[in-house]
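# fold the following, please.
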Amino acid sequence: MINSYLYFCRCTLAILFWSFVVVFTGSAQPDFENKTRLYKKSFPTRSVIPGGILDLDGDLIDDIVVIDKGIWLKSFISSGRHFAIKLTDSLRLAQNSEITLAAGDLNNDGTPEIITSGEYSLINVSSFINNKITKKAFQSGIYAQGSNTIDINNDGWLDYFLTNDDGPSRIYLNDKNGNLVLTPVIDFMKGDTTDGSGNYGSVWTDVNGDFLPDLSISKCRAYITRADDPRRINRLYINRGNSFFEEKGAEFGLNSGEQSWVTAFGDLDNDGDQDAFVVNHYAPHILLENVANQKFVPVTKGPSISSFGFQAIMIDLDNDGFLDIVTAGVDGVIIFHNQGNMTFKNLRDVLGPNLPRSLTSGDLNDDGFPDIYAHINEPINLPGLKDDELWLNKPNQNHFIKLNLEGSKSNRSSVGAHITLFTPKGRQVRYVKGGESYGIFNSFQQIFGLGTSDKIDSVRVRWPSGTTETFTQLKADNTYFIQEAKCITPHLPVYNDEIIWKGNAISLVAPTGYASYLWNNGSTTSRIETNIPKVFCQND
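Next up, the predicted model:
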């Protein structure tokens, strides 16, 4: 079977012929299938809390990063539509369990780095080159918790943020060579007479609609009983530009003192702003609606539930056009299925019977529906007794569009970009994040569900650099690669079906009507012939 893909720009048709696999032969609610034994039986891993899903090899298909036993960084590459995964490399990170993982292209070379840390351990920066992992490390000196990549000073280079359980959090600015340098950008101790501890989940997003990334920190300090103690009051740092931030949690209604573990953000009602879901440990979780980019107010008709949760993300699981809320913790995975109008249906039986404490999400089999990689670690931050689980999302009849961004003046990973999709039914907004929740990383790729409609008016991208671009004539059920100030490229299979190879060269013909062509082997013709090395097999 031939697995090949093409990209074409507005001006040039560029075709990438990735690999050969030769085969010889004689609105629904979210629905997942456990495919662990089928696809991952040969690669058992037992992850702790952190993990990641992102495209490691540049084929616009999500791959998996895990920290096996808490100390071994392992990468699994997905083949996409004809799904299979393979272990590419493994590297030991530390003596003790890592607690947090973030990712992004720190040196703007087109390949993402993986950044991990733990309890008073090193900060490990791991790179993937030719399917091999290499790392460099430096000392943090803190009890690491949540982490994110974000271009804080908007210079086109990703920086790094790390929360601290035992003291104030840290910011590391990029020196424009891919190196991270500890820099006091935000005074986290301002107005705090304590030790500044209790910092857990973190996320950078734009809460006030000014296109500048703001910082939310969820606070939870063990044994602190007073709700007015700063060590358990959530913080919101509003970005005023020029690396100046103001703490405005109380003003925006995001200053809960209920021992929060994480806060998730996303546009739940498709009105263009970022709503919030706060996971508390000793009080019910809180759903908050963003009102006019000025404050967050509780949604009384929202999901009312108490659980000991560690993770929360927002993602459209069934491509109906509304973001769902997914939590993981002691009670396993709970899905709050968005019914529209800020109402939700609680789903507890979608994944099981094991109870994932953590999870990451992305489209691993390239079918347009986000999948889940579940961590069955128990107790918290220890490998536990059960292997990770791979849950593939079962497609329905809903349509979608997938967008992958690459910055040029902006950071290469496009963290901080705003994407607005316009359809006859309204608009949807996504914000590209560099890590979220409690030390996990979800795909950079943005999937917009279209429901039963396949109509798209346009897509508008507001890059971190300030440049805005609008794209029209996009087709549903396709993946697009958008390069800042350069090109939008559909990612289409040259062959959708299996091809039986009989030993002859294979001819690949690109669509007609383009000014020029470029294959990844350097050919500039519309048609190429490629030879496949001989493969011998023996029938049983």
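
# phi, psi for Gln251 please.
Slight slip there: residue 251 is Glu, not Gln. Dihedral angles of Glu251 (phi, psi; degrees, to the nearest 10) stand at phi -60, psi -40.

# what element comes up after the helix or strand hosting Val459 heading to the C-terminus?
Assigned by DSSP states H and E, Val459 belongs to strand 458-462. Reading on from strand 458-462 to the C-terminus, the next helix or strand found by DSSP H and E is strand 468-472.

# hmm, who's touching that following strand?
Asp457, Ser458, Val459, Arg460, Val461, Arg462, Trp463, Tyr480, Ile482, Glu484, Ala485, Ile488 (C-beta atoms under 8 Å, 6 or more residues apart in numbering). Every C-beta, even on glycine, is put in place using the N, C-alpha and C of the backbone.

# ok, those vs Leu87, which is closest?
Tyr480 (29.5 Å; C-beta to C-beta).

# re the thing from before, how about TSV for the contacts of strand 468-472, with distance to Asp214 added?
Formatted as TSV, the contacts of strand 468-472 follow (distance: C-beta to C-beta, whole Å):
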residue	distance to Asp214
Asp457	29
Ser458	27
Val459	24
Arg460	21
Val461	20
Arg462	15
Trp463	18
Tyr480	28
Ile482	24
Glu484	22
Ala485	26
Ile488	29
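
# quick one, which of the residues you listed are buried?
The neighbour count (16 or more other C-beta atoms under 10 Å) marks Val459, Val461, Arg462, Trp463, Tyr480, Ile482, Glu484, Ile488 as buried among the contacts of strand 468-472.

# so what strands line up beside the strand holding Val459?
strand 418-423 (antiparallel), strand 468-472 (antiparallel) (DSSP bridges).

# export that strand to CSV, keeping only CA atoms.
These are the backbone C-alpha positions of strand 458-462, laid out as CSV (Å, rounded to 0.1, in the frame of the first residue of the first chain):
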residue,chain,number,x,y,z
SER,A,458,-13.8,31.8,5.3
VAL,A,459,-11.0,31.4,7.9
ARG,A,460,-9.3,34.4,9.5
VAL,A,461,-5.9,34.0,11.2
ARG,A,462,-4.6,36.7,13.5
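
# any idea how far it is from the chain center?
Computed by C-alpha atoms, centre = their mean, to the nearest Å, the chain-centroid distance of strand 458-462 equals 19 Å.

# hmm, who's touching stretch 374-390?
34-36, 39-40, 44-49, 51, 66, 68-70, 85, 97, 99, 310, 328, 333, 351, 354-359, 364, 371, 373, 391.

# tell me the buried residues in that stretch?
374-378, 380-381, 383-384, 386-390.

# which one among those gets closest to Asp55?
Closest to Asp55, out of all of the buried residues of stretch 374-390 and judged by C-beta to C-beta, is Leu390, at 17.3 Å.

# helices of the stretch 151-300 of the chain, residue ranges please.
249-252 (DSSP state H, counting those that start in this stretch).

# distance check, the most centrally placed residue in the chain against Met342.
Centroid-nearest residue in the chain: Asn442, 2.0 Å away (criterion: C-alpha atoms, centre = their mean). For Asn442, the distance to Met342 equals 22 Å [C-beta to C-beta, to the nearest Å].

# just name the most buried of the strands paired with strand 458-462.
strand 418-423 (a mean of 19; mean count of other C-beta atoms under 10 Å).

# tabulate the CA atom coordinates of that one in CSV.
Written as CSV, here are the backbone C-alpha positions of strand 418-423 (Å, rounded to 0.1, in the frame of the first residue of the first chain):
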residue,chain,number,x,y,z
HIS,A,418,-6.2,33.4,17.0
ILE,A,419,-8.2,31.5,14.4
THR,A,420,-11.8,32.4,13.5
LEU,A,421,-13.9,30.1,11.3
PHE,A,422,-16.9,31.7,9.6
THR,A,423,-19.7,29.4,8.4
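
# next secondary structure element downstream of it?
Heading C-terminal from strand 418-423 (DSSP H and E), you reach strand 426-431.

# what comes into contact with the helix or strand just after that following strand?
Counting by DSSP H and E, the next helix or strand C-terminal to strand 426-431 is strand 440-441. With contact meaning C-beta under 8 Å, 6+ apart, strand 440-441 is reached by 49-54, 65, 101-103, 311, 313, 358-360, 434-435.

# mean confidence score for strand 440-441?
Mean per-residue pLDDT for strand 440-441: 98.

# can you give the distance from that strand to the centre of its chain?
Taking mean C-alpha positions (C-alpha atoms, centre = their mean), strand 440-441 and its chain are 7 Å apart.

# likewise for stretch 177-196?
The answer for stretch 177-196 is 25 Å, by C-alpha atoms, centre = their mean.

# okay, how far is it across that stretch, tip to tip?
The straight-line separation of the ends of stretch 177-196 (C-alpha to C-alpha, to the nearest Å) is 31 Å.

# would you list the buried entries among the contacts of stretch 374-390?
35-36, 39-40, 45-49, 51, 66, 68, 70, 85, 97, 99, 310, 328, 333, 351, 354-359, 364, 371, 373, 391.

# ok, the residue nearest to Ile217 when sequence neighbours are not counted - contacts?
Nearest non-adjacent residue to Ile217, counting by C-beta to C-beta, 6 or more residues apart in numbering: Arg235, 4.5 Å away. Going by C-beta under 8 Å, 6+ apart, Arg235 touches Phe188, Leu215, Ser216, Ile217, Lys219, Glu247, Gly249, Asn255.

# now, among those, which is nearest to Ala144?
Using C-beta to C-beta, those come closest to Ala144 at Ile217, 13.5 Å.

# look up how far Leu182 lies from the closest one.
18 Å.

# looking at those two, which one has more neighbours?
Per other C-beta atoms under 10 Å, whichever of Ile217 and Leu182 has more neighbours is Ile217, with 26 against 15.

# surely that one and Gly198 touch.
No: Ile217 is not in contact with Gly198 according to C-beta atoms under 8 Å; the separation is 9.1 Å.

# tell me who's in contact with the closest residue to Ile233 other than its chain neighbours.
Leaving out its chain neighbours, the residue that sits closest to Ile233 by C-beta to C-beta, 6+ apart is Gly257, at 4.7 Å. By C-beta under 8 Å, 6+ apart, Gly257 lies in contact with Lys219, Ala227, Asp228, Asp229, Arg232, Ile233, Asn234.

# flag the shaky bits of the protein, pLDDT-wise.
1-27, 302-304, 492-506, 511-515, 520, 530-540 (pLDDT under 70).

# same thing but 50
Along the chain, segments meeting pLDDT under 50 span 1-26, 494-502, 532-540.

# measure Thr88 to Asn130 for me?
9 Å.

# the two - which one has more neighbours?
Between Thr88 and Asn130, counting by other C-beta under 10 Å, Thr88 is the more crowded of the two (17 against 8).

# please identify the helix or strand for that one.
strand 85-92.

# by contact count, what packs against that strand?
Here strand 85-92 touches strand 63-68, strand 72-78, strand 122-129, strand 132-139, going by 3 or more C-beta pairs under 8 Å, 6 or more residues apart in numbering; DSSP states H and E.
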